[in-house]
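Enquirer: Quick one, structure for this:
(2 chains)
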Amino acid sequence: MNRVSTRLRNSLASKVIVSTVLLSLGVVWLTGSALYSQLSDGVKEVNLESSLAEAKSSFFNAQYQFLLNESAAGPVILKAVQDVIVSSTEVSLNQDRKSIFLNRFGRPFKNPLNVAAPDYSTATDGLDVSTVPDEIRKKVRSSDLVEYEYAKVSYQDRADANVLIVGRKIVIPKSGNYEMYLVYSLNSQNQTLSIIKNALLFTGFALLFLIGLITWLVVRQVVRPVREAASIAQKFTQGDFSQRMKVESSDEISTLGKSFNDMALSIETQISRLENLSRVQQRFVSDVSHELRTPLTTLRMASEVINSQKNSFDPTIARSSELLVAQLDRFEKLLEDLLEVSRLDAEVAVLEPVDFDLISLIERCIEDVRANAHDHAISISIDHETEQAMINADIRRVERIMRNLLSNALDHAEEKPINVTVICTRTEVAVGVRDFGTGIEPLALSRIFDRFWRADPSRARVRGGTGLGLSIALEDARLHNGELDAWGAPGRGAHFVLTLPRIAGQQIGGRPIRPQPEDYPQSI
Amino acid sequence: MTLVMVVDDDQDLAEMLGIVLTGAGIDVDLVSRGDEVLEVFRNNPPDLVLLDVMLPGIDGIEVCKLIRAESMVPIVMLSAKGDTHDIVSGLEAGADDYMVKPFRHPSELIARIRTRLRRTNADVLGLLTIGDLSIDVTAHEVSRGGKKIALTRLEFDLLVALAKEPGRVFTRDALLGEVWGYRHSTDTRLVNVHVQRLRSKVEHDPEHPEIVMTVRGVGYKAGVMGGS
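Expert: Predicted coordinates:
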């Protein structure tokens, strides 16, 4: 039921067909009933007229017979009565059966011999006379005209039947006043009517079915292009801009198609123009980065060769060579990050997921980062509930995220310890990197992942980092369908939380580690 | 004296590489065009080729294929591209190792070159078997039923590493340390590509390997004789 109603709501064709059929049902019903009532009235009237005419002639005949034998003897009158009964109930070829009912009423006639007058009251065909309605009997008794009425009467030997009763008062000589009724069965009339009714019903339903069918055909003609347009529009939203509608004729539907195609073309051009622009730009960045690599390699090797001899140099030159090496390091890191950013922007960055243990990776990153840190005194602790945290992810990217988070924490730790927490659930794994150093201003928090954005521009250059690290880390996390959240409060330190799905590309359901640390009250 | 052929179109970088390598006691042959490599290579076969990817004439990947067609000499690719695609196509063309410019330290380059030149597995000598293959470590030969199979030095090292400890499951990291001499590397593509190449040479059916078996989620191990 629900499915049907959903289907109705969702399909234009079903809606149109159902409402057309319902409306047509009303119209067919009305015209059908009108037609039926007219036809049945006609049939009844014809039937009534012929029955009345026949009855009248029967009555006249009876009256005439009795008048003829007014002075005849009893047996002759009896014979006349019998004749009347026989002739009145005679049935012609295509007539229904009919019965006669004679009943004496009022005082019987007196005869000179004072013999009891014979009573010819009778009913033929097993008619149950008590079921003849009183109204007509009253009317017949009190009038000299032919009266009629439709009624339902009972028979002794067959089922009750609807009948037309036609009656008239007649006088039988030497007997008395009689009501004479002719009871016409309406069977054949009813049969005719039911045939008409069935024919009408059949025609009506056939008409409805045909209307439904025609509507369906017509609607399909209209709806098919609409559906096509809808499916093409959907493909369009999914990024397939090559889709076009077929335009075959010059009706409204094809106008829709044409406008749609025009729109599609204009969108496609716009998009490809924009794509081209950004591709050119990204291409440029990537080319520049690549072109810089070869001279940078030469530079680095040269500087290393020079630096390896620094013990034999004059102190200023030795220091200069150290600076040269350090700055080349930084320059290279920047180049590396720029290249990665251009890759991420061009959306050509691909995930290469493998299975590995996140905890041992983090331990290795901590070791490396600490070895490179200027401040070896800072302690980095790692908490993990499980011995291992096996995940499926792009190990290079995860390593880069961890290095970025750890060096960022080291840069801002102000000699206070750093805590790393790893929590592994069934579907996701979270790593929290918490420091208790300078912290982050509320305003800065919203921009912390922006490229080249630095919390404190005046101090930033002293520290390492390219200003791209966190932004790349965020994009790396999102490439896995993961998230990177930051929390910080001035003087209270910062907390960065990386949440990754256990299997790269799946969705993360929640945050096993909340960015807001538990040791920090909700409101201060 | 060891001879390394340096193929790079950037004169300055080539010269610098020359200085660094000579400083480490290695002779250097400088070539600047891809289409000149084969001639120099044939006239004066080097112990190792240091090959840039972007070259005038023929590009580095093509050169790599040409050298592989006639020699099993170790090849280390130099690439300014860190993109996976380029690295993998270099490895598939037959390179044993690759370095992305700019390298961290000249010492790193030297270390890589020395690893590739090292007389491998001096600790194991004699005959080893893996599956239905027999390996003559001393003679540096692999054969199946008396028929020799030609392998590059790196492929040979990889096979020996697996064969000398049958039953041990090697993680990709472990193989990177054992065969390539990397301490910390996360680039397991090197292992994957070389295992594929090795399989294509030694397996009856590389789709269903019996010599170099994959241990799902862990790494690789040596196949057992006559069984899987």
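Enquirer: mind giving me the domain ranges of chain B?
Expert: Taking automatic domain parsing as the domain assignment, the ranges for chain B are B:3-117, B:127-222.
Enquirer: Quick check: which of those domains is buried the most?
Expert: Highest mean neighbour count among those (mean count of other C-beta atoms under 10 Å in any protein chain shown): domain B:3-117, with a mean of 19. Every C-beta, even on glycine, is put in place using the N, C-alpha and C of the backbone.
Enquirer: Let me see the mean pLDDT of it.
Expert: In this model, domain B:3-117 has an average pLDDT of 87.
Enquirer: just stretch B:178-197 next, same as before
Expert: pLDDT averaged over stretch B:178-197 gives 79.
Enquirer: nearest spatial neighbour of the residue nearest to the spatial centre of chain B, skipping sequence neighbours?
Expert: With distances taken as C-alpha atoms, centre = their mean, residue B:96 lies nearest the centre of chain B, 2.3 Å away. In this structure, residue B:96 finds its nearest non-sequential neighbour in residue B:154, 3.9 Å apart by C-beta to C-beta, 6 or more residues apart in numbering or on different chains.
Enquirer: rewinding a little: the residue nearest to the centre of chain B and residue A:293: what is the separation?
Expert: 22 Å (C-beta to C-beta, to the nearest Å).
Enquirer: Sketch out the low-pLDDT regions of chain A for me.
Expert: A:1-10, A:92-95, A:112, A:374-376, A:455-465, A:519-524 (pLDDT under 70).
Enquirer: According to the record, where do the domains of it fall?
Expert: A:2-193, A:252-326, A:352-501.
Enquirer: how near is residue A:295 to residue A:217?
Expert: Residue A:295 is 74 Å from residue A:217, by C-beta to C-beta.
Enquirer: Out of the domains of chain B, the one nearest residue A:370 is which?
Expert: Of all the domains of chain B, domain B:127-222 sits nearest to residue A:370, with 14.0 Å by C-beta to C-beta.
Enquirer: Run the chain-centre distance for the closest one.
Expert: With C-alpha atoms, centre = their mean, to the nearest Å as the basis, domain B:127-222 stands 12 Å off its chain's centre.
Enquirer: can you give me the end-to-end distance of it?
Expert: End-to-end distance of domain B:127-222: 15 Å, with C-alpha to C-alpha, to the nearest Å as the criterion.
Enquirer: Likewise for stretch A:68-76?
Expert: End-to-end distance (C-alpha to C-alpha), stretch A:68-76: 11 Å.
Enquirer: So which residues make contact with that stretch?
Expert: By C-beta atoms under 8 Å, 6 or more residues apart in numbering or on different chains, the residues outside stretch A:68-76 that reach it are A:77, A:80, A:118, A:173, A:174.
Enquirer: what comes up buried for that stretch?
Expert: Within stretch A:68-76, the residues that qualify as buried are residue A:69, counting by 16 or more other C-beta atoms under 10 Å in any protein chain shown.
Enquirer: Show me how far that stretch is from its chain's centre.
Expert: The answer for stretch A:68-76 is 90 Å, by C-alpha atoms, centre = their mean.
Enquirer: if we can go back for a sec, could you single out the most deeply buried of the domains of chain A?
Expert: domain A:352-501 (a mean of 18).
Enquirer: Quick check: residues of chain A near chain B?
Expert: A:290, A:293-302, A:304-305, A:332, A:339, A:343, A:350, A:352, A:354-355, A:361, A:364, A:368, A:395-396, A:399 (C-beta under 8 Å from any C-beta of the partner chain).
Enquirer: give the contact list for residue A:77.
Expert: Contacts of residue A:77 by C-beta under 8 Å, 6+ apart are A:66, A:69, A:118, A:120, A:172, A:173, A:174, A:175.
Enquirer: from these, which is closest to chain B?
Expert: residue A:120 (115.1 Å; C-beta to the nearest C-beta).
Enquirer: Three-state assignment for that closest one, please.
Expert: Secondary structure, DSSP: H, G, I helix; E, B strand; the rest coil: residue A:120 is coil.
Enquirer: quick one, helices of chain B?
Expert: B:11-23, B:37-43, B:60-70, B:84-92, B:106-117, B:153-163, B:172-175, B:189-202 (DSSP state H).
Enquirer: From the contact counts, what lies against the last one?
Expert: Right, helix B:189-202. helix B:84-92, helix B:153-163, helix B:172-175, strand B:212-215, strand B:219-222 (3 or more C-beta pairs under 8 Å, 6 or more residues apart in numbering or on different chains; DSSP states H and E).
Enquirer: could you dump the second one to PDB, C-alpha only?
Expert: Read that as helix B:153-163. What follows is helix B:153-163, C-alpha atoms only, in PDB (Å, rounded to 0.1, in the frame of the first residue of the first chain):
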ATOM      1  CA  ARG B 153      71.600  -8.300  -9.500                       C
ATOM      2  CA  LEU B 154      68.800  -6.800  -7.500                       C
ATOM      3  CA  GLU B 155      66.300  -9.500  -8.400                       C
ATOM      4  CA  PHE B 156      69.000 -12.000  -7.500                       C
ATOM      5  CA  ASP B 157      69.500 -10.400  -4.200                       C
ATOM      6  CA  LEU B 158      65.800 -10.400  -3.500                       C
ATOM      7  CA  LEU B 159      65.500 -14.000  -4.300                       C
ATOM      8  CA  VAL B 160      68.500 -14.900  -2.200                       C
ATOM      9  CA  ALA B 161      67.200 -12.900   0.700                       C
ATOM     10  CA  LEU B 162      64.000 -14.900   0.600                       C
ATOM     11  CA  ALA B 163      65.700 -18.300   0.000                       C
END
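Enquirer: relative to helix B:189-202, how tilted is that helix?
Expert: If you take axes from the mean of the first three to the mean of the last three C-alpha atoms, to 10 degrees, helix B:153-163 sits at 90 degrees to helix B:189-202.
Enquirer: rounded to a whole number, what's the mean pLDDT of helix B:153-163?
Expert: Rounded mean pLDDT across helix B:153-163 is 87.
Enquirer: and the angle for that helix with helix B:106-117?
Expert: 70 degrees.
Enquirer: Can you pull out the residues in contact with helix B:153-163?
Expert: Contacts for helix B:153-163 (C-beta under 8 Å, 6+ apart): B:72-74, B:96-97, B:116, B:120-121, B:124, B:128-130, B:133, B:135, B:137, B:140, B:142, B:151, B:170, B:175, B:178-179, B:194-195, B:197-198, B:201-202, B:211-212, B:220-222.
Enquirer: how far away is residue A:135 from residue A:290?
Expert: 114 Å.
Enquirer: same question, residue A:129
Expert: Taking C-beta to C-beta, one finds residue A:129 at 120 Å from residue A:290.
Enquirer: ok, the residue nearest to the centre of chain B - contacts?
Expert: B:74, B:75, B:76, B:116, B:152, B:153, B:154, B:194.
Enquirer: Out of the residues you listed, which is nearest to residue A:35?
Expert: Nearest member of the contacts of residue B:96 to residue A:35, counting by C-beta to C-beta, is residue B:194, at 91.0 Å.
Enquirer: How about the closest one: what's its closest non-neighbour residue?
Expert: residue B:158 (5.9 Å).
Enquirer: who's sitting farthest from the centroid in chain A?
Expert: Farthest-from-centroid check, chain A (C-alpha atoms, centre = their mean): residue A:113, 98.0 Å.
Enquirer: Using the three-state scheme, assign that one.
Expert: Per three-state DSSP, residue A:113 ends up coil.
Enquirer: ok, now residue A:148?
Expert: Residue A:148 - assigned by three-state DSSP - is strand.
Enquirer: Likewise for the one 10 residues further on?
Expert: The assignment at residue A:158 comes out as coil when based on three-state DSSP.
Enquirer: can I assume it is in contact with residue A:126?
Expert: Yes: proximity of residue A:158 to residue A:126 meets the contact threshold set by C-beta atoms under 8 Å, at 7.3 Å.
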